[in-house]
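Undergrad: Fold the following for me, if possible:
(one chain, ligands or ions: 2)
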Amino acid sequence: MTLSSAVEALDALRRSALQRRQSEAIGQFRIAVQVGHCSQSVGAANIAQIFTSSAPDNVYVVEAGCDGYCFEAPQVFVTGPTGKKQFKQVNANDIVGILATIEAGLDGDTDETLDFYSGQRRVALQNCGRLDGSDIDDYLIEDGYQGLAKALGSTAQDVIEEVKASGLRGRGGAYFPAALKWEGVRNQDAKPAYLVVNSEEGEPGIFKDRHLMEGVPHRIIEGAAIAAYAAGAQQAYVYVNAEADLSAKRMHLAVDQAYDRGLLGDNILESEFCLNMEIRRGAGGYVCGEETTLLDTIEGYRREPRLRPPYPTEAGLFAKPTVINNPETLASVPYILANGAKAFSEIGNNGDSGTKLISLSGSVNRPGVVEVPMGTTLRQIVDGIGGGAPFGQTVTALAVGGPSSGLFPASMLDTPIKPGMLHESGVMLGAGGVIVLDNQTDVLDAIRKLASYNANESCGKCTPCREGTPRIVEAIDRLLSEDGSSQDVDELRYLADVVGGASLCGLGQAAGGPITSGLHFFPTRFAEGDGG
Ligand SMILES: Cc1cc2nc3c(=O)[nH]c(=O)nc-3n(C[C@H](O)[C@H](O)[C@H](O)COP(=O)(O)O)c2cc1C
Ligand code: SF4
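TA: Numbering: from 1, shown residues only. Ligands and ions are numbered 1, 2, ... in the order given. Purely as a prediction, here's the structure:
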């Protein structure tokens, strides 16, 4: 297919989206109420409903996803001919006043220059929180699916080369080069090939993929379609966490709309390329995000990792070649195709391309989801974007990268983020969680929480992890009760080493991270417990 025919097919879709928007007599003003899994807990869905039922004819209300500004939820963005305005922590009593402000004409501006936004670079999250999370027309009008049109006008190998040149690595935690995985599947003789979007996101302190699914579901579908085209897959599954109901709802709707517009199904954008996509719900548990466990649960087996090799690229779903990618990885792909590899690779730092979504939580003034260039320091994220610890508290430590990673003391705040290991003691960027701890938190207790999470989530298939992770918790408990001895510290060191070295999957292999980083950075806290 030529590039111009795919682009023309997309242009036609975009024009009809614009016509629909105009002919639906949509008013001058648009209210986007941010309804995400985060803001639902503070009544955002109710706020959206009240706006919809009480807005005058010249006001158009949509439900957007949360743009990461979770700490001010529920948030409402109003745009109109005379300006735009952002309303924060909206409650039902504010609605009459907001509608009156709109009637009087908008003269305000948004807070987009605030530190929270200005330290960020939005690629995967672009327009998240502004676009209607349930309407494909919004995405099409804002130039959505252009990356897919470009891809379909090129050969699969050209797409692979472009993404290789961008330097994009997987954002699920392992940082494997995305295009190499696609090429690996493409080069297999066995057919058919599959693509699986790993939206399990089961680990504590990580909530960025939900933001993508709820706010920009079509960007994930577009990225998945490009990846499938490159890898030669015609069937895709989106594996959504069992508890992420809103994400699943928006993804379902987005998939249906993409079929309706010819962006999924047969002859996408009038090309030869066909792709079917289905949603599958997770089987429950952190280990379901481990890629081979995920495949087994889709096939109906119990949630346990497979032995590797063979790797999923060789024998994955139903023993066929399979690409497994994180939604953030895929949501970065449309930008690369639409703007070129160079534009993406120039965003990062020291050869680490692009941006990273960070789930920022804990003792910080502005918790939420942020997207920053690779190379941004933890200090810029925690103090600059997050606003530091609340008044009266000081940042003492950070739990970076999830339960299988480790802890940094505040003295490591100037560490830049990069794919993989941030420190040889076991601190990794992982999927990008940053939990801020303050002077009121006992760091050994925090390590215990991570260790007990790993012990509870161990699937039990292999002995080192099944037996070793609970022993780690027991040794920490002895130190916390101050009945411990230096033997417990030695045992922890030994267990971290053995569990890490002998376990079957990434859960056990990294379960020593909290211990080794804790012993490295906080040795005196361990010594207090052993009576030393
Ligand atoms: C215990 C465990 C849980 C994981 N959970 C997730 C997850 O929720 N989402 C994800 O994309 N990757 C997760 N991973 C990593 C996946 O196995 C895999 O590397 C990733 O989905 C590949 O996508 P990417 O190359 O785009 O990063 C997990 C790994 C382990 C060991
Ligand atoms: S390392 Fe833990 S989670 Fe992974 S297979 Fe072994 S027991 Fe299961």
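Undergrad: interface residues of the stretch 101-250 of the chain facing ligand 1?
TA: 170, 171, 172, 173, 174, 176, 198, 200, 201, 202 (CB under 6 Å from any ligand atom). Where C-beta positions appear, they are placed from N, C-alpha and C, glycine not excepted.
Undergrad: Could you do the chain as well?
TA: Near ligand 1, when you scan the chain using CB under 6 Å from any ligand atom, you find 170-174, 176, 198, 200-202, 286-287, 289-291, 324-326, 329, 505-507.
Undergrad: In the stretch 51-200 of the chain, mark out all the helices, start to finish.
TA: 95-103, 115-118, 136-141, 146-152, 156-166, 178-186 (DSSP state H, counting those that start in this stretch).
Undergrad: who does the longest one touch, helix- and strand-wise?
TA: Secondary structure elements in contact with helix 156-166, counted by 3 or more CB pairs under 8 Å, 6 or more residues apart in numbering; DSSP states H and E, are helix 178-186, helix 217-231, helix 327-339, helix 341-345.
Undergrad: orientation of that helix relative to helix 178-186 in degrees?
TA: With axes from the mean of the first three to the mean of the last three CA atoms, to 10 degrees applied, the angle from helix 156-166 to helix 178-186 works out at 150 degrees.
Undergrad: pLDDT averaged over the longest helix that the chain contains, what's the number?
TA: Of all the segments of type helix in the chain, defined by DSSP state H, the longest one is helix 3-23. Across helix 3-23, pLDDT averages out at 90.
Undergrad: which of the residues in it are buried?
TA: Across helix 3-23, burial judged by 16 or more other CB atoms under 10 Å covers 6, 7, 9, 10, 13, 14, 17, 21.
Undergrad: of all those residues, which comes closest to residue 306?
TA: residue 6 (37.6 Å; CB to CB).
Undergrad: low pLDDT regions in the stretch 51-200 of the chain?
TA: 106-113 (pLDDT under 70).
Undergrad: Just want to check the distance between residue 309 and residue 315.
TA: 8 Å (CB to CB, to the nearest Å).
Undergrad: Neighbour count for the two, which is higher?
TA: residue 315 (18 against 9; other CB atoms under 10 Å).
Undergrad: Pretty sure the more buried one sits against residue 308.
TA: No: counting by CB atoms under 8 Å, residue 315 does not reach residue 308; the two are 9.8 Å apart.
Undergrad: Which residues are in contact with the residue in the stretch 101-250 of the chain that ligand 2 sits nearest to?
TA: For the stretch 101-250 of the chain, the residue closest to ligand 2 is residue 202, as judged by CB to the nearest ligand atom, at 12.1 Å. When contacts are counted by CB atoms under 8 Å, 6 or more residues apart in numbering, residue 202 touches 241, 282, 285, 286, 287, 288, 289.
Undergrad: Give me the pLDDT value at residue 350.
TA: 74.
Undergrad: Neighbours of it, how many?
TA: With other CB under 10 Å as criterion, residue 350 counts 9.
Undergrad: for the residue lying closest to it once chain neighbours are set aside, phi and psi?
TA: Using CB to CB, 6 or more residues apart in numbering and skipping the chain neighbours, the partner closest in space to residue 350 is residue 375 (6.3 Å). When read as degrees, to the nearest 10, the backbone of residue 375 gives phi 100, psi -10.
Undergrad: Residue 375 and residue 416 touch, don't they?
TA: Yes: using CB under 8 Å, residue 375 is in contact with residue 416, at 4.9 Å.
Undergrad: which residues does residue 498 contact?
TA: 464, 468.
Undergrad: Make residue 1 into 41 and carry on from there
TA: Sure thing, new numbering starts at 41, so read that last one as residue 538.
Undergrad: Okay, residue 329 and residue 443: tell me how far apart.
TA: For residue 329 relative to residue 443 (CB to CB), the value is 12 Å.
Undergrad: got any residues that touch both of the two?
TA: residue 243.
Undergrad: hang on, residue 476 in a helix?
TA: No: counting by DSSP: H, G, I helix; E, B strand; the rest coil, residue 476 is located in no helix; its state is strand.
Undergrad: ok, and the closest non-adjacent residue to it?
TA: Per CB to CB, 6+ apart, closest to residue 476 is residue 402, 3.8 Å.
Undergrad: distance of the closest residue to residue 231 other than its chain neighbours from residue 312?
TA: Nearest non-adjacent residue to residue 231, counting by CB to CB, 6+ apart: residue 360, 7.2 Å away. Per CB to CB, residue 360 is found 21 Å from residue 312.
Undergrad: Tell me which of those two has more neighbours.
TA: Counted by other CB under 10 Å, residue 360 and residue 312 do not tie: residue 360 has more neighbours, with 18 against 9.
Undergrad: quick one: the more buried one and residue 236 touch, right?
TA: No: Residue 360 lies out of contact with residue 236 (CB under 8 Å); the separation is 11.3 Å.
Undergrad: where does the stretch 191-340 of the chain come near ligand 2, residue by residue?
TA: residue 327.
Undergrad: Would you mind giving the helices and strands packed on helix 196-206 as CSV with mean neighbour count added?
TA: Formatted as CSV, the helices and strands packed on helix 196-206 follow (neighbours: other CB atoms under 10 Å):
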stretch, mean neighbour count
helix 218-226, 22
helix 257-271, 28
helix 367-379, 27
helix 381-385, 17
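Undergrad: Now tabulate those in JSON lines and tack on distance to residue 532.
TA: Shown next, in JSON lines, are the helices and strands packed on helix 196-206 (distance: least, CB to CB, whole Å):
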{"stretch": "helix 218-226", "distance to residue 532": "36"}
{"stretch": "helix 257-271", "distance to residue 532": "40"}
{"stretch": "helix 367-379", "distance to residue 532": "33"}
{"stretch": "helix 381-385", "distance to residue 532": "41"}
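Undergrad: For residue 133, find the nearest of the ones you listed.
TA: helix 257-271 (31.8 Å).
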